[in-house]
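> pasting the sequence and the predicted model now:
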Amino acid sequence: GENVEQHPSTLSVQEGDSAVIKCTYSDSASNYFPWYKQELGKRPQLIIDIRSNVGEKKDQRIAVTLNKTAKHFSLHITETQPEDSAVYFCAASKSNFGNEKLTFGTGTRLTIIP
Amino acid sequence: DVKVTQSSRYLVKRTGEKVFLECVQDMDHENMFWYRQDPGLGLRLIYFSYDVKMKEKGDIPEGYSVSREKKERFSLILESASTNQTSMYLCATRLGPSYEQYFGPGTRLTVT
């Protein structure tokens, strides 16, 4: 089955700086890669996703890049703000059939230092 | 707005008890999931259901079973609770593969 590794497990950045979180996956057939954000005491929520037919996707201050050859994808957050402090999870799955499941990474705790 | 609710936010049970966790969604989604979340281990899939009465084992199904008799309701059952099942349990639902997963608020289960 799919295996997703996520690094780093914790990350502290100064407010205004950029943060990068990296994930690798094992199954070359995976073609859907979402990122979820979980604020303290709240449920995970989707913030951005990318499909394997594109190499990069951007939404305001967040962007995700995908390298299919190397089987890795990254989340980039620019101009970080205190509200970016949270745990971020990457995930990977195939999307061909209804019973495909998401495999999550182990999470990155991002702390923005004011 | 998708609404995913779970029967309890906090639950305390004794070792050996049978425990039922219930998840209800109001969006007519086909797929429903049960995860457990533990520090440093991320979100691990216990079971999922891609249609009514259909279920598949996830990565850590041992000690758990599930039931989906109606589309909107997915139950997780701990047949005989053990202390190593103390955890946060999250339900999720989605329309289909490569669609957003919507999570419930979670149930923090403590087994003493």
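Great, that's in hand. Only a predicted model underlies this, so the values are computations on that prediction, with no experimental measurement involved. Numbering: from 1, shown residues only, chains lettered A, B, ... in the order given.

> so the spatially most central residue of chain B, which of the three states?
Residue closest to the average C-alpha location in chain B (C-alpha atoms, centre = their mean): residue B:34, at 2.9 Å. What DSSP: H, G, I helix; E, B strand; the rest coil gives for residue B:34 is strand.

> ends of stretch B:77-92, what's the gap?
With C-alpha to C-alpha, to the nearest Å as the measure, the first residue of stretch B:77-92 is 16 Å from its last.

> typo on my end, stretch B:23-32
Length of stretch B:23-32, first residue to last, C-alpha to C-alpha: 9 Å.

> around chain B, which positions in chain A sit nearby?
A:1, A:6, A:9, A:31-32, A:34, A:36, A:43-46, A:49, A:51, A:89, A:93-107 (C-beta under 8 Å from any C-beta of the partner chain). To be clear about C-beta, it is placed using only N, CA and C from the backbone, and glycine gets the same treatment.

> can you tell me which of the residues you listed are buried?
A:6, A:31-32, A:34, A:36, A:43-44, A:46, A:49, A:89, A:93-95, A:100-107 (16 or more other C-beta atoms under 10 Å in any protein chain shown).

> in strands, which of those residues appear?
In strands, defined here by DSSP state E, the members of these are A:6, A:32, A:34, A:36, A:46, A:49, A:89, A:103-104.

> the helix or strand that contains residue B:55 pairs with which strands, parallel or anti?
In this structure, residue B:55 sits in strand B:54-57 according to DSSP states H and E. Here strand B:54-57 has these sheet partners by DSSP bridges: strand B:42-51 (antiparallel).

> what pLDDT, on average, does the strand it pairs with get?
What strand B:42-51 shows for mean pLDDT is 94.

> buried ones in it?
Buried residues in strand B:42-51, defined by neighbour count with 16+ other C-beta under 10 Å: B:42-50.

> got the contact list for it?
With contact meaning C-beta atoms under 8 Å, 6 or more residues apart in numbering or on different chains, strand B:42-51 is reached by A:6, A:44, A:89, A:98-99, A:101-107, B:30-38, B:55-61, B:64-66, B:68, B:74, B:76, B:90.

> residues contacting residue B:8?
Contacts here follow C-beta under 8 Å, 6+ apart; on that basis residue B:8 touches B:21, B:107.

> and it, which of the three is it?
With three-state DSSP as the basis, residue B:8 sits in coil.

> mind putting the ones in strands among the buried ones among the residues of chain A next to chain B into a markdown table with pLDDT?
Listed next are those as a markdown table, based on pLDDT from 0 to 100:
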| residue | pLDDT |
| --- | --- |
| A:6 | 97 |
| A:32 | 93 |
| A:34 | 96 |
| A:36 | 98 |
| A:46 | 96 |
| A:49 | 95 |
| A:89 | 98 |
| A:103 | 93 |
| A:104 | 95 |
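
> need the helices for chain A, in chain order.
Taking DSSP state H as the test, none of chain A falls into helices.

> pLDDT below threshold where in it?
Within chain A, the stretches with pLDDT under 70 are A:97-98.

> can we see that at 90?
A:1, A:52-54, A:94-101 (pLDDT under 90).
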